[in-house]
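Engineer: test case, fold it:
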Amino acid sequence: MRRNAVRLLLAMLVALAACLVGPGSPAQAAVPDSPAVTYTNPIAEKRADPHIFKHTDGYYYFTATVPEYDRIVLRRATTIQGLSTAPETTIWTKHSSGVMGAHIWAPEIHFIDGKWYVYFAAGSTSDIWAIRMYVLEGTGANPLTATWAEKGQIKTTWESFSLDATTFVVNGVRYLAWAQRNPSEDNNTSLFIAKMSNPWTISGTPAELSQPTLSWETIGFKVNEGPALIQHGGKVFMTYSASATDANYCLGMLTASATADLTNPASWTKSSTPVFQTSAATSQYGPGHNSFTVSEDGKSDILVYHDRSYKDISGDPLNDPNRRTRVQKIYWKADGTPDFGIPVADGVTPKRFSSYNFADRFIRHWEYRAKIEANVSPLADSQFRVVTGLAGSGTVSLESANFPGYYLRHKNFEVWVEKNDGTAAFASDATFYQRAGQADSAGISYESYNYPGRYIRHYNYLLNVQALSTATDRGDATFYAQ
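Structural biologist: Predicted structure coming up:
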């Protein structure tokens, strides 16, 4: 009865909408603006502090810290995945003596006013911890073959430990954000911002936006570093990394209105908890020092970051070379804020599946029962890796993102998320044929492997495996990958 009442109400609303906007209005959800994109992680082994820049020439440019801390390298490819096998070019090597002679860290590449710029941090051969920020300028269409010149140190308020410079434009104004040791504070680094008069010079007095004061920012070291900025829906979001560079490393976030004075600390609100952190379930430890890019079709925002595949480190984490570059899609909440989810397992990245006839509802698991629901939290409950079918080629299985080894499977024709027990029965129940959407060929429908003609569909918002006989049934069995 409840379902019939819901459908009657929906039919009335659709009819009303048709009267208001005219005939021909679709009665189902539109195809998502941001369709699914998948990548296979890691993108690059032994590459930390990654930065990926998508240029107008159709290439992605990738740079990162190398474990020898002695040079700046670049790769380019027409796809993000292509960066994993792209040849690497060294564009600059540390000085043999003096400044810029040690600890070459965290390069970023940007294209500004017709020239390439690389921002990086470096120590000195006389004091390897005298870390300061420097800039290279490249002339030429391709930065891998450009002519590079040193523009010198970015001067700030103090001659103190400073690193992780990033630059961005908001409302036509170019800014620099970075991490620096404030001599008046009892911590390692805080976050600063300033406007720029040119790509290697700040203007005005820098503003301090955040210092490490929260418990999750001060484990091992008291650190706010690695700022990165993304804009969405009239807001700006600055992520940053906190704590020591081991399994405690994580991301926090500052939020401001895009129309606010970004050099006023009062314009920014700080997250009270990490927005991205270690996930033992997926064997991803210490995710951090991120950057942002966009998918090949320009429709999805992509988080770029490093982490390790193990928790325990022998000795100083700085001497452990095994931070890897990884990527995954960012999802946006109804309130316009980003949801980064968890660092997903190595291998292919997961997808989400929205309902054809309830656009804001996604397939998710709750207490292991599969259903569709809006505003899913945690995000990973609604993420599934599409992998080769457990029962054979030509089919697929849907593996839970936050419970690796658990799959969508039917039992008594109800759909649950359960751990693969290795039996042939489980494999068959967890295997599906991926078909064109029964109600829209742009969507997807999943037909049972061992019960042909039965599809995953929602009924009273719960997922079941049922035969389809009506247009309503076909709509309930159609989903869009996001």
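Engineer: can you tell me how far Ala260 sits from Ser210?
Structural biologist: Here the criterion is Cβ to Cβ, to the nearest Å. By it, Ala260 lies 15 Å from Ser210. Backbone N, C-alpha and C define where each C-beta goes, glycine included.
Engineer: out of the two, which sits in the more crowded spot?
Structural biologist: Just comparing Ala260 and Ser210: by other Cβ atoms under 10 Å the higher neighbour count belongs to Ser210, 23 against 15.
Engineer: wait, that one sits on Thr269?
Structural biologist: No. The criterion here is Cβ atoms under 8 Å, and Ser210 misses it with Thr269 at 10.4 Å.
Engineer: what residues are shared contacts of those two?
Structural biologist: Taking Cβ atoms under 8 Å, 6 or more residues apart in numbering as the contact rule, Ser210 and Thr269 both touch Leu254.
Engineer: center of this structure - which residue?
Structural biologist: Nearest residue to the geometric centre of the chain (Cα atoms, centre = their mean): Leu303, 2.4 Å.
Engineer: check contacts around that residue.
Structural biologist: Neighbour list for Leu303: 276, 290, 292, 327-330, 340 [criterion: Cβ under 8 Å, 6+ apart].
Engineer: nearest to Asn248, out of those: which one, please.
Structural biologist: Nearest to Asn248, judged by Cβ to Cβ, of those is Phe276 at 12.8 Å.
Engineer: phi, psi of that closest one?
Structural biologist: Backbone torsions of Phe276, given as degrees, to the nearest 10, read phi -160, psi 130.
Engineer: once you drop chain neighbours, what's closest to Lys299?
Structural biologist: Of all residues not flanking Lys299 in the chain, Ser34 sits nearest, at 4.8 Å (Cβ to Cβ, 6 or more residues apart in numbering).
Engineer: where does the one you found land in three-state SS?
Structural biologist: Three-state call for Ser34 (DSSP: H, G, I helix; E, B strand; the rest coil): coil.
Engineer: got the confidence number for it?
Structural biologist: In this model, Ser34 is scored at 96, pLDDT.
Engineer: what's the answer for Asp297, then?
Structural biologist: We note a pLDDT of 97 for Asp297 in this prediction.
Engineer: over to the one 4 residues further on?
Structural biologist: Residue-level confidence at Asp301 comes out at 98, pLDDT.
Engineer: so for stretch 411-428, mean pLDDT?
Structural biologist: Rounded mean pLDDT across stretch 411-428 is 98.
Engineer: show me what it is in contact with.
Structural biologist: For stretch 411-428, contacts defined as Cβ under 8 Å, 6+ apart pick out 365, 368-370, 389-391, 400, 403, 405-410, 429-430, 449-451, 454, 456, 462-466.
Engineer: list buried residues within the residues you listed.
Structural biologist: 365, 370, 389-391, 400, 403, 406-410, 429-430, 449-450, 454, 456, 463-466 (16 or more other Cβ atoms under 10 Å).
Engineer: just those: which are in helices?
Structural biologist: Secondary structure defined by DSSP state H assigns Asp429 of the buried ones among the contacts of stretch 411-428 to helices.
Engineer: thought Thr255 was touching Trp268?
Structural biologist: Yes. Using Cβ under 8 Å, Thr255 is in contact with Trp268, at 6.7 Å.
Engineer: more neighbours, these two?
Structural biologist: Higher neighbour count among Thr255 and Trp268: Trp268, with 20 against 16, using other Cβ under 10 Å.
Engineer: is it true that that one touches Met253?
Structural biologist: No. The pair Trp268 / Met253 is not scored as a contact, 9.8 Å apart, by Cβ under 8 Å.
Engineer: what comes up buried for the helix or strand hosting Trp105?
Structural biologist: Using DSSP states H and E, Trp105 sits in strand 99-112. Residues 99-110 are the ones in strand 99-112 that count as buried (16+ other Cβ under 10 Å).
Engineer: show me where pLDDT drops low in the chain?
Structural biologist: Along the chain, the model assigns pLDDT under 70 to residues 1-28.
Engineer: all helices of it, in order?
Structural biologist: Using DSSP H, helices in the chain cover 2-21, 424-429, 471-476.
Engineer: other residues contacting the last one?
Structural biologist: In this case it means helix 471-476. With contact meaning Cβ under 8 Å, 6+ apart, helix 471-476 is reached by 7, 28, 355-357, 438-439, 445, 457-459, 466-468.
Engineer: ChimeraX command to pick out the buried ones of those?
Structural biologist: Buried residues among the contacts of helix 471-476 (16+ other Cβ under 10 Å), as a ChimeraX selection:
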select :28,355,356,357,438,439,445,457,458,466,468
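Engineer: which one of the contacts of helix 471-476 sits closest to Ser126?
Structural biologist: Nearest to Ser126 among these, with distances taken as Cβ to Cβ, is Ser355, at 63.0 Å.
Engineer: so that closest one makes contact with Phe362?
Structural biologist: Yes. At 7.4 Å, Ser355 counts as touching Phe362 under the criterion of Cβ under 8 Å.
Engineer: quickly list what's touching both of those two.
Structural biologist: Taking Cβ under 8 Å, 6+ apart as the contact rule, Ser355 and Phe362 both touch Ile372.
Engineer: what sits against the residue nearest to Pro321 when sequence neighbours are not counted?
Structural biologist: Nearest non-adjacent residue to Pro321, counting by Cβ to Cβ, 6+ apart: Pro67, 3.4 Å away. Residues in contact with Pro67 (Cβ under 8 Å, 6+ apart) are 46, 48, 321.
Engineer: returning to what we had before: now for Thr255 and Trp268: what residues contact both?
Structural biologist: Met238.
Engineer: hmm, Gly234 is touching Thr259, no?
Structural biologist: Yes. Shown here, Gly234 and Thr259 form a contact pair, counting by Cβ under 8 Å, at 7.4 Å.
Engineer: what about those two, which has more around it?
Structural biologist: Using other Cβ under 10 Å, the more surrounded residue of Gly234 and Thr259 is Thr259, with 12 against 9.
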